[in-house]
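Undergrad: Need the 3D shape of this:
(chains A, B, C, D, E and F)
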4 protein chains.
Amino acid sequence: MGSISNTNSLYINSPAEKTHAPGKTKIMAALRSLLEDKEFVSVTTAEIARTAGVTEALIYKYFHDKRDLLHQVLAEYLGVMIVRAEMDVRGIKGALHQLRKLIWSHVNMYADNRVFARILLIEVRNHPDYFHSDAYRMVKYYTNFLLALIEKGVEEGSIRNDIPTAAVRQTILGAIEHACLPALIFNHPILTDEVSDHICEMIFTGIVTRGD
Amino acid sequence: MGSISNTNSLYINSPAEKTHAPGKTKIMAALRSLLEDKEFVSVTTAEIARTAGVTEALIYKYFHDKRDLLHQVLAEYLGVMIVRAEMDVRGIKGALHQLRKLIWSHVNMYADNRVFARILLIEVRNHPDYFHSDAYRMVKYYTNFLLALIEKGVEEGSIRNDIPTAAVRQTILGAIEHACLPALIFNHPILTDEVSDHICEMIFTGIVTRGD
Amino acid sequence: MGSISNTNSLYINSPAEKTHAPGKTKIMAALRSLLEDKEFVSVTTAEIARTAGVTEALIYKYFHDKRDLLHQVLAEYLGVMIVRAEMDVRGIKGALHQLRKLIWSHVNMYADNRVFARILLIEVRNHPDYFHSDAYRMVKYYTNFLLALIEKGVEEGSIRNDIPTAAVRQTILGAIEHACLPALIFNHPILTDEVSDHICEMIFTGIVTRGD
Amino acid sequence: MGSISNTNSLYINSPAEKTHAPGKTKIMAALRSLLEDKEFVSVTTAEIARTAGVTEALIYKYFHDKRDLLHQVLAEYLGVMIVRAEMDVRGIKGALHQLRKLIWSHVNMYADNRVFARILLIEVRNHPDYFHSDAYRMVKYYTNFLLALIEKGVEEGSIRNDIPTAAVRQTILGAIEHACLPALIFNHPILTDEVSDHICEMIFTGIVTRGD
DNA sequence: AATGAATGAGAATTCATTCAT
DNA sequence: GATGAATGAATTCTCATTCAT
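TA: Model prediction:
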């Protein structure tokens, strides 16, 4: 598990920290904490308030409803993820190496922030509200960033141009999800290095132009 | 236990059908049907009753509580799965070929009965009641059957004897789950042939004694 | 506690026994048995049926409703009580000695049949249906019998004639109840000899004409 | 704890009044009021809410469950009883006279607050929760107070020392219950002076050291 | 910026009772 | 003489949400 990460703590880079009112911060922290042990549906607003040390009513001052709170928590994580992703690929030469790093970074984000991963991969997708949320917009921003990287690879000639870049992106994201979901559901650790190597091996051997 | 059944549809040959009171059958069918679209927790007893065309009270005549209903639905599926598994390996020569067939049969069961797969892989595991249920006993019966097959392979010399048979079993079951879960959660189809081939390739290349 | 009582078992004298259909008998026995441990309101018809080894529906073949069953059980006890009371005063000379015996017999009936006592003193009184029941008619028959005894005492000159006989009767019945109720509620034994002596002492010293 | 209170009405001096939220106060008052006419088991939460003029949900904001409400109502009464008891024995010389007063005060409390008496003597004892409640702790506090009084009598020489003080206490409490229960159940008035005189006569003639 | 008080809609579960066979 | 199947109405309790202060 060893490596980088002096950006390991979520909130060092979080712009949120400074802007939020203390109550809002406490509420979001409370939900994050509760989601470590239970699913969103079985977390009650009463519990959130109790954990946060505020009243239930305050939740509704800052959040439109319980799901909006979930979306804002997710958005906060996504903010960190995006900042990190953009940082992580800097100083790396070659789209393919950048992509490998991005995949590693992505898996690592899930490994270090299982609550985040669970929200993103399990909790929000059912509910239609999600697709109108800021969080969803951030996800799209992130996937566009990934797409841009793939396109750069194609332009560079390091990635095959006979597969639609969007399909490549979906395969990558699918592989990551696929690899992490059971671990998230059954509470096993995600071994970042192993998982991301595995994925890269499979994806790259498939999509990389065979230099021969 | 042996007889009938190499058919696809779960309920045509189900002995359950005749034995249950009509209300009980309708209630179980209603839950199965509702679980196609939503998770167990968000299915209400009122909905089950309405869907079944009976009153809520009747549910409690036949089932101890809502979870017991879930467990009985699961048990019914498991009954079919076990009968099928035992049938499917008959007439096949060699433990390895039997094992391949059993894996195929297992994946196929999930592919054809997604509700069953979701109950087994997602819904029941949290709750401690499950581990005291008949359903759980049937699962253990099934996994013992799988274990016996592996042990036969070891005796035959077709499966390596330097890996504990229990570990082999767990790897197989884990691989199947791992392969099916994302499809179940995101409502994608499970491609039985592809998935089971994939798993067998990975597992067999690892566990088969290299004859050379 | 020792004395008489080869009429201790309720059903030796019960005319009921022969007349009832087996199902009816079992249902009544079941209720009696259940009332040993819980109040009538918290005994369910399902429990009664289960205990009796019959179906709930059968209860409604023989009894108009749950309370009717209670009343019939009570009536059966009252039948025994009346038969016994009438027997017990025979062969005794003097209304006062008969009265003493009757009081003893009454308390003894409660002591030996606590379920009966509880039904009569606690369970039936609230509900208006009781006052239209056969059981209530039997109670009135019994209290008339007691009244007749008191009147005989007055005629004999052994009981004061300056107190209305009805008031005397009420005082006696009140004293018995008063003495037995706490024991019934808190599940202590009723010590027949002690209790009836106590009552007679109090009542008699009050109501008996002072021979001086 | 000492102050105020030689008044009859429970709630004039009750400290509870000011501290409780209006809804909580109304709910407790509603239960008290309903218990005048029916037993606890047949009082529904719907009724309580309707009587209180609040919603059922509010009950569960202030009370853990229906029984907790009962226990808190009881505790409030017990608070008054304790305050009163401690006041009532002040300024009285001699343990025996204090004891007589305490018995009177106890019976009077039952006579004036029949609902209280019924809760304490009838409603709570079955359920095990009671023995973990604050109310139970207060009862123990009260009975310890009574015990201390008896012990003082023994030290003074006015109460026999050859009977365990605990047994004396139990006899007193038993006699009070015994005397009040039928009145409570059958809705007759409790005549404080008469009942307490009666009890003291019986108890004292037994336990007092016969001077000469 | 935060709270205390209160709510309405609905959750699972219970229970006496009915009726066709 | 007895049953299996089913019900309707109620019961306790939960929970996200609102609003005046």
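
Undergrad: Is any residue of stretch A:73-81 near DNA strand F?
TA: No - if you take CB under 7 Å from any atom of the strand as the test, stretch A:73-81 misses DNA strand F, and the best it gets is 14.1 Å. Glycine gets a C-beta too; all of them are placed from N, C-alpha and C.

Undergrad: ok now that stretch, how far from the chain's centre?
TA: How far stretch A:73-81 lies from its chain's middle: 7 Å, per CA atoms, centre = their mean, to the nearest Å.

Undergrad: Please apply the same query to stretch A:192-206.
TA: 18 Å.

Undergrad: could you point out which element follows the helix or strand encompassing A:E76?
TA: Assessed by DSSP states H and E, A:E76 sits inside helix A:66-88. Counting by DSSP H and E, the element after helix A:66-88 in chain order, helix or strand, is helix A:95-112.

Undergrad: how about the CA coordinates for that next one, as CSV?
TA: Extracted C-alpha coordinates of helix A:95-112, given in CSV (Å, rounded to 0.1, in the frame of the first residue of the first chain):
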residue,chain,number,x,y,z
ALA,A,95,-0.5,9.7,-22.3
LEU,A,96,-0.2,6.0,-21.6
HIS,A,97,1.9,6.5,-18.5
GLN,A,98,-0.4,9.3,-17.5
LEU,A,99,-3.4,7.0,-18.0
ARG,A,100,-1.8,4.3,-15.9
LYS,A,101,-1.2,6.8,-13.2
LEU,A,102,-4.8,8.0,-13.4
ILE,A,103,-6.1,4.5,-13.1
TRP,A,104,-3.9,3.9,-10.1
SER,A,105,-5.1,7.2,-8.6
HIS,A,106,-8.7,6.4,-9.2
VAL,A,107,-8.4,3.0,-7.6
ASN,A,108,-6.4,4.5,-4.8
MET,A,109,-9.1,7.0,-4.2
TYR,A,110,-11.6,4.2,-3.7
ALA,A,111,-9.2,2.3,-1.5
ASP,A,112,-8.6,5.2,0.8
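
Undergrad: what stretches of chain A score poorly on pLDDT?
TA: For chain A, residues meeting the criterion pLDDT under 70 lie at A:1-18, A:206-212.

Undergrad: Contact residues of it facing DNA strand E?
TA: Within chain A, the positions adjacent to DNA strand E are A:A21, A:P22, A:G23, A:K24, A:G53, A:V54, A:T55, A:E56, A:A57, A:L58, A:K61 by CB under 7 Å from any atom of the strand.

Undergrad: Tally up the residues packed near the residue lying closest to the fifth one once chain neighbours are set aside, please.
TA: Right, A:G53. Leaving aside its chain neighbours, A:G53 sits nearest to A:K26 (6.2 Å; criterion: CB to CB, 6 or more residues apart in numbering or on different chains). A:K26: 18 surrounding residues under other CB atoms under 10 Å in any protein chain shown.

Undergrad: Mind giving me the packing neighbours of the strand or helix carrying A:K26?
TA: Using DSSP H and E, A:K26 maps to helix A:22-35. Applying 3 or more CB pairs under 8 Å, 6 or more residues apart in numbering or on different chains; DSSP states H and E, one finds that helix A:22-35 makes contact with helix A:45-52, helix A:56-62, helix A:66-88, helix A:114-118.

Undergrad: Reformat the ones you listed into TSV and put mean neighbour count next to each item.
TA: Conversion of these to TSV gives the following (neighbours: other CB atoms under 10 Å in any protein chain shown):
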stretch	mean neighbour count
helix A:45-52	18
helix A:56-62	15
helix A:66-88	20
helix A:114-118	20
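
Undergrad: May I see the ones you listed arranged in a markdown table, with distance to chain C as well?
TA: Formatted as a markdown table, the helices and strands packed on helix A:22-35 follow (distance: least, CB to the nearest CB, whole Å):
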| stretch | distance to chain C |
| --- | --- |
| helix A:45-52 | 31 |
| helix A:56-62 | 36 |
| helix A:66-88 | 39 |
| helix A:114-118 | 43 |
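
Undergrad: Now do the contacts for the residue nearest to A:V115 when sequence neighbours are not counted.
TA: Among residues not flanking A:V115 along the chain, A:L35 sits closest, at 4.6 Å (CB to CB, 6+ apart). Counting by CB atoms under 8 Å, 6 or more residues apart in numbering or on different chains, A:L35 makes contact with A:V43, A:V115, A:R118, A:I119, A:E123.

Undergrad: ok, now which ones touch the closest residue to A:D134 other than its chain neighbours?
TA: Once flanking residues are discounted, A:D134 sits nearest to A:A75: 5.0 Å by CB to CB, 6+ apart. Contacts for A:A75 (CB under 8 Å, 6+ apart) come out as A:S133, A:D134, A:A135, A:M138.

Undergrad: Let me see the contact set for the residue in chain A that chain D sits nearest to.
TA: In chain A, the residue that lies nearest chain D is A:A46 (9.6 Å; CB to the nearest CB). Applying CB under 8 Å, 6+ apart, we find A:A46 in contact with A:E56.

Undergrad: which SSE is the spatially closest residue to A:V107 that is not a sequence neighbour in?
TA: Excluding its sequence neighbours, the residue lying closest to A:V107 (CB to CB, 6+ apart) is A:S196, at 4.5 Å. For A:S196, the host element (DSSP H and E) is helix A:192-207.

Undergrad: Show me what that helix is packed against.
TA: Helix A:192-207 packs on helix A:95-112, helix A:165-185, going by 3+ CB pairs under 8 Å, 6+ apart.

Undergrad: Can you tell me how far the closest residue to A:R100 other than its chain neighbours is from B:H71?
TA: Leaving aside its chain neighbours, A:R100 sits nearest to A:C200 (5.2 Å; criterion: CB to CB, 6+ apart). For A:C200, the distance to B:H71 equals 42 Å [CB to CB, to the nearest Å].

Undergrad: And for A:P189?
TA: Look at A:P189 and B:H71: by CB to CB, they are 30 Å apart.

Undergrad: Domain ranges for chain A, per the record?
TA: Using automatic domain parsing, the domains assigned to chain A come out as A:15-63, A:65-207.

Undergrad: picking up where we left off before, how much space separates the residue nearest to A:D134 from A:A52?
TA: The gap separating A:A75 from A:A52 is 18 Å, by CB to CB.

Undergrad: follow-up on the earlier one: TSV for the domains of chain A, including distance to D:G91?
TA: Below are those laid out as TSV (distance: least, CB to CB, whole Å):
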stretch	distance to D:G91
domain A:15-63	48
domain A:65-207	61
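
Undergrad: For C:I163, find the nearest of those domains.
TA: Taking CB to CB, domain A:15-63 is the member of the domains of chain A nearest to C:I163, at 65.7 Å.

Undergrad: So is that closest one next to DNA strand F?
TA: Yes - against DNA strand F, domain A:15-63 shows contacts by CB under 7 Å from any atom of the strand at A:S42, A:V43, A:T44, A:T45, A:A46, A:E56, A:A57, A:I59, A:Y60.

Undergrad: Determine which two of these are furthest apart.
TA: The span of the residues of domain A:15-63 next to DNA strand F, defined through CB to CB, is set by A:S42 and A:A57 at 21.6 Å.

Undergrad: who in chain A is up against chain B?
TA: Contact residues, chain A versus chain B (CB under 8 Å from any CB of the partner chain): A:V41, A:S42, A:I122, A:R125, A:G174, A:E177, A:H178, A:L181, A:P182, A:I185, A:F186.

Undergrad: switch to 10 Å and redo it
TA: A:38-39, A:41-42, A:121-122, A:125-126, A:174-175, A:177-186, A:188 (CB under 10 Å from any CB of the partner chain).
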